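> Starting from these lines, generate the structure:
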Amino acid sequence: MEMNDKEHYDFMIKAGMYMPESDVWHVEALANKLIAALYRPTPGQCKFVVDRARVRRAGIDNNEPINWGDLSATVTKKEGLYIVNMEEASPGACPTLCEYIERYLQKWGWPAVAETEW
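Below you'll find the predicted structure:
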């Protein structure tokens, strides 16, 4: 049986493997993994840099005002909706970044909206 991430999470709750209140933490971890997927390691150095080709393949406009050096996500939950707040991206000016995060979280079964803020 194939499950999306939310179905698997619910299965693990029923099995006693997760605590029900860990859902916000779980969604936040997923959102930050989606952000991390846009970076690549720098050979010979212990750092990661934004990979413009990955950004483009993800459908994100490379011209959106994003501080890639400190981009991160925090998540809150309100009335069953997960609100992903991405810090270090211009408020209201990064629609393709928000769509990227929303698309994957929703595909995985998490009802989410993404917002940006400095």
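> farthest residue from the center of the chain?
residue 44 (27.7 Å; C-alpha atoms, centre = their mean).
> and that one, what does it touch?
If you count contacts by C-beta atoms under 8 Å, 6 or more residues apart in numbering, residue 44 has none. In short, each C-beta sits where N, CA and C put it, glycine included.
> tell me the secondary structure for it?
Following DSSP: H, G, I helix; E, B strand; the rest coil, we place residue 44 in the coil state.
> Kindly state the pLDDT recorded for it?
Per-residue pLDDT puts residue 44 at 83.
> Could you do residue 1 as well?
64.
> now swap in the one 5 residues further on and tell me
Note for residue 6: predicted pLDDT of 92.
> Tell me how far the residue farthest from the centre of the chain lies from residue 69.
Using C-beta to C-beta, to the nearest Å, residue 44 is found at 19 Å from residue 69.
> Give the pairing partners of the helix or strand harbouring residue 85; include direction for each.
Following DSSP states H and E, one finds residue 85 within strand 81-87. Here strand 81-87 is paired, per DSSP bridges, with strand 72-78 (antiparallel), strand 112-117 (parallel).
> So which bits of the helix or strand just after it are buried?
Toward the C-terminal end, the helix or strand that comes next after strand 81-87 (DSSP H and E) is helix 95-107. The neighbour-count check on helix 95-107 (16 or more other C-beta atoms under 10 Å) flags 97-98, 100-102, 104-105 as buried.
> So which residue is dead centre in the protein?
residue 31 (1.9 Å).
> The residue nearest to it when sequence neighbours are not counted - how many residues pack around it?
What sits nearest to residue 31 in space, not counting adjacent residues and going by C-beta to C-beta, 6 or more residues apart in numbering, is residue 73, at 3.9 Å. Taking other C-beta atoms under 10 Å as the neighbour definition, residue 73 ends up with a count of 23.
> hmm, back to that, any idea how far the residue nearest to the centre of the chain lies from residue 46?
For residue 31, the distance to residue 46 equals 24 Å [C-beta to C-beta].
> Residue 88 now?
Distance, residue 88 to residue 46, using C-beta to C-beta: 21 Å.
> Residue 101 too?
From residue 101 to residue 46 the distance is 27 Å (C-beta to C-beta).
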